[in-house]
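>>> Fold the following for me, if possible:
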Amino acid sequence: MNRGKRRCPVLLVAILALAACSSTKLVTKWQAPATERLLFSKVLALAIAPDTSLLRRAERAICAEVTSVTCVPAFAVIPESEMADTEKVKALVKRDGFDGAVVFRVVSARDKVTYVAPSYGPTFWGYYGYALTGTHAPGYLRSDQIVRVETSIYSVSEDRLLWVATTETMNPESVSSLVEDVAKAVRRELVRAKLIPET
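Numbers count the residues shown, from 1 in each chain. Take a look at the predicted model:
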């Protein structure tokens, strides 16, 4: 948890509402050896974000998915003016009895342009009819936005990383939907791996 000022790629500012549906998937994950369950009594939800409103939405979204133990957003514990002071943050976290932490950080945001080929139909004669009359749909370029987020889970009491995953979300409808989709995807994976209970 040796974090400085809250930062994230400038590209995150470009996350705008898009018409296409969003989808989130895990692309990488790592689990500390011998970690069979994530057993905490009190979890700190920490988001590394460029502005206060996004930060608060992300930390609330994390806590909404932590249902078996107490979860507290970092903004409710750590004053913004002290975020850059690691020793002060460490003292506050220790004082409030946190033994676990979930950290949400946007790694990158990029546009992916794909060429969508014309549709001719599945048969030779279908293609022949389209080609002959010139009525087939032309090919086109489609632009998708892909946002990559890293979610890390730490044991604060042991000061070590237990689990980390990277997710990719295609065409997030909004910043709020992005953080909610990522939090839900991470929870599903943790439940699937039996690292946390279903409820």
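>>> Only C-alpha atoms from now on, for both contacts and neighbour counts.
Noted.
>>> need the strands for this structure, in chain order.
23-31, 42-48, 70-73, 100-116, 140-155, 160-170 (DSSP state E).
>>> As a markdown table, those strands with mean neighbour count, distance to residue 123 and mean pLDDT would be great.
Shown next, in a markdown table, are the strands of the chain (neighbours: other CA atoms under 10 Å; distance: least, CA to CA, whole Å; pLDDT from 0 to 100):
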| stretch | mean neighbour count | distance to residue 123 | mean pLDDT |
| --- | --- | --- | --- |
| strand 23-31 | 15 | 32 | 94 |
| strand 42-48 | 25 | 52 | 95 |
| strand 70-73 | 20 | 57 | 97 |
| strand 100-116 | 18 | 19 | 87 |
| strand 140-155 | 18 | 22 | 88 |
| strand 160-170 | 20 | 32 | 95 |
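>>> need the longest helix for the protein.
helix 175-192 (DSSP state H).
>>> Can you list the buried residues in it?
For helix 175-192, burial by neighbour count (16 or more other CA atoms under 10 Å) applies to 175, 177-187, 189-190.
>>> what's the answer for stretch 84-91, then?
Buried, per 16+ other CA under 10 Å, within stretch 84-91: residue 89.
>>> Show me what the mean pLDDT comes to for it.
Confidence for stretch 84-91, expressed as mean pLDDT, is 94.
>>> cool, and stretch 54-61?
Mean predicted confidence for stretch 54-61 is 90.
>>> Give me the residues contacting it.
With contact meaning CA atoms under 8 Å, 6 or more residues apart in numbering, stretch 54-61 is reached by 45-49, 73-75, 104, 175-176, 179-180, 183.
>>> mind checking how far stretch 62-80 is from the chain centre?
16 Å (CA atoms, centre = their mean, to the nearest Å).
>>> who's in contact with that stretch?
40-47, 56, 59-60, 89, 92-93, 102, 180, 183-184, 187, 197, 199.
>>> sorry, back to before: now for the longest helix of the chain, which elements pack on it?
strand 23-31, helix 52-65, strand 160-170 (3 or more CA pairs under 8 Å, 6 or more residues apart in numbering; DSSP states H and E).
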